[in-house]
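>>> My questions concern the predicted model and sequence given below.
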Amino acid sequence: MRSHQEFVLQQADIHAPGRSQADQGPAASLRAPKRATQLSLFIAGFALSSWAPLVPFAQQRLGADAATLGSVLLCLGLGAVIGMPGAGALVGRVGCKALIVTAGLILATVLPLMAMASTAFSLGLCLLVFGAATGAIDVAANVHGTEVQRIARQPLMSGFHGLYSIGGLVGAAAMTAIIAAGASAAAATIAAGLVIALCVQLAAPGFLALPPAKTGPLLIVPRGIVVGIGLLAMVIFLAEGAMLDWSALLLSREKGVDQRFAGAGYSVFACAMTLIRFVGDRLVTRAGERVVLISGFLITAGGLALAAWSSNLAVVYPAVAFAGLAAGNVVPILFSLAGRQTVMPPSQAIAAASMLGYLGVLLGPAVLGYAAHAVGLVDAFLWLAGLVALSAVAIRLVVRR
């Protein structure tokens, strides 16, 4: 009977025609699957960050206060939490390719609608679908990347997530630049949708044809150490979500930055995450997962607090950059831990940890909006920084187990 790895490599060769037999070794066979994983995570990061510069325009279009906007933004995280367990249950049945291609085309369609929604209900509905599609891509891409990493027998996840960060950087920077140049938000999102569709087309031929999984539960519930991994992911996603949804308002309202350029805050954060992820595997090898995780949480907390507290942009932007550098390798390490644990099957564990993590995206925008409405946006960011710092206490137990 053929091994699982032999099946996967043979299918990769079948889906990469035109190569000589000499080129069909494991390294050559994984070239296309690596590229497919990278493009999938690029799509997720690009789509999500393309939304960040649009938040101030959405608030202005709706005429909403911070609390109302927070309630609408809740739909993004809610959609992700719906999409992630669904993807975890379906990935073994229909495959990563079908999920990612379908969700990618949905993103390309819904993103322009989000820039034109004129009521809280229509925007919330668009965000719900947008979040579900992003969550499905996130889970399916991480499951696919974990399988590629297992076959390659070398650390690859930080590099894969580096493409997510590149997508975040490109999406936020491009949208900010296009809008600053005078284009409408609708025109900018149509261009972004075309980029997503092109990436889907390029990635589609490269996915591994994984053997069908045994029938699993439709409702995935995290168990054991996966709960701890997921809760840590929740906190770091909460910090990332705060930067995504509220950094533009923090800069424009509290720091005096022109609204057209307020999206630059998330661009700085995403750029820092991108840079650190491409050296993340080496950092983990030298310092160890526990050290990288603890320092990541503590420095992220310090960067958020300093960015919120200071009124000097020469301090604010470096603080945002340090927060991005510190947070960059946390999620790849946590997902690697989820893939290595033995309490749950890896695909289900990654989906469960992702679902808990995205509860941070679900709860973060709304909670931060209510907190900003009650005590102000600056103090809301300071409380968030305190939560991130306290979470570092649990890391030793999670890594040890």
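Thanks, I have the structure now. Numbering: from 1, shown residues only.

>>> longest helix in the protein, by residue count?
For the chain, the longest helix by residue count, based on DSSP state H, is helix 120-152.

>>> Check which residues of it are buried.
120, 123-151 (16 or more other CB atoms under 10 Å). To be clear about C-beta, it is placed using only N, CA and C from the backbone, and glycine gets the same treatment.

>>> Pull the distance from that helix to the chain's centre.
8 Å (CA atoms, centre = their mean, to the nearest Å).

>>> What helices and strands are in contact with the helix or strand following it?
With elements assigned by DSSP states H and E, the helix or strand that comes after helix 120-152 is helix 157-180. Using 3 or more CB pairs under 8 Å, 6 or more residues apart in numbering; DSSP states H and E, the elements in contact with helix 157-180 are helix 31-51, helix 120-152, helix 185-203, helix 264-277, helix 280-287, helix 330-340.

>>> Could I get the ones you listed in TSV, plus columns for distance to residue 92 and mean pLDDT?
Shown next, in TSV, are those (distance: least, CB to CB, whole Å; pLDDT from 0 to 100):
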stretch	distance to residue 92	mean pLDDT
helix 31-51	17	90
helix 120-152	9	87
helix 185-203	20	91
helix 264-277	28	83
helix 280-287	27	83
helix 330-340	15	85
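
>>> out of those, which comes closest to residue 248?
Residue 248 lies closest to helix 264-277 among those, at 6.3 Å (CB to CB).

>>> hang on, the earlier thing: and the angle from the longest helix of the chain to helix 157-180?
150 degrees (axes from the mean of the first three to the mean of the last three CA atoms, to 10 degrees).

>>> tell me the angle helix 120-152 makes with helix 330-340.
Counting by the same axes, to 10 degrees, helix 120-152 points 60 degrees away from the direction of helix 330-340.

>>> Give me the three-state assignment for the closest residue to residue 348 other than its chain neighbours.
Distances taken as CB to CB, 6 or more residues apart in numbering place residue 220 nearest to residue 348, at 5.2 Å, with adjacent residues excluded. For residue 220, the secondary structure call by DSSP: H, G, I helix; E, B strand; the rest coil comes out as coil.

>>> Am I right that residue 220 is in contact with residue 350?
No: the criterion here is CB atoms under 8 Å, and residue 220 misses it with residue 350 at 9.9 Å.

>>> How about residue 203: what's its closest non-neighbour residue?
residue 39 (3.8 Å).

>>> Next, the contact list for that neighbour, please.
Neighbour list for residue 39: 163, 199-200, 202-203, 206 [criterion: CB atoms under 8 Å, 6 or more residues apart in numbering].

>>> go on, residue 387?
Contacts of residue 387 by CB under 8 Å, 6+ apart are 235, 238.
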